[in-house]
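Visitor: Structural data only, the sequence is not supplied:
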């Protein structure tokens, strides 16, 4: 196996391990957050607020998990706004009424 292929394989393995570590951290956060809801003595209002907070945390954790699994890199340069095939109206284009160019 060439050195280049070994380096590529090592990088892929590193990425997989890092994604796994991030996912385990997020699962731990969800588990810790959920454990707070199991408190026995809570009024109905406290229980409702705790459930809402958990749903918010659950949504944030799910969004983070999706980005981790999709390999999103927030520090990467944004090159999708350039190059062939880029349609400025498809993403972030100026809003319109949708009836441009149609007869009335």
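Guide: Nice, I can see it. Please read all numbers here as calculations on a predicted model, not as lab measurements.
Visitor: so what pLDDT did residue 84 get?
Guide: Reported pLDDT at residue 84 in the predicted model: 53.
Visitor: Kindly apply the preceding question to residue 62 instead.
Guide: pLDDT, residue 62: 89.
Visitor: Next, count neighbours for it.
Guide: Neighbour count of residue 62, defined by other C-beta atoms under 10 Å: 12. For the C-beta atoms, the positions are set from N, CA and C on the backbone; glycine is no exception.
Visitor: again, but for residue 18
Guide: By other C-beta under 10 Å, 11 other residues sit near residue 18.
Visitor: go on, residue 69?
Guide: 11.
Visitor: list the buried ones in the longest helix anywhere in the chain?
Guide: Identified as the longest helix of the chain according to DSSP state H is helix 3-35. Buried positions in helix 3-35, judged by neighbour count with 16 or more other C-beta atoms under 10 Å: 26, 30, 33.
Visitor: who's in contact with the first one?
Guide: Think residue 26. Counting by C-beta atoms under 8 Å, 6 or more residues apart in numbering, residue 26 makes contact with 61, 64, 65, 68.
Visitor: Remind me which helix or strand the last one belongs to.
Guide: Assigned by DSSP states H and E, residue 68 belongs to helix 44-69.
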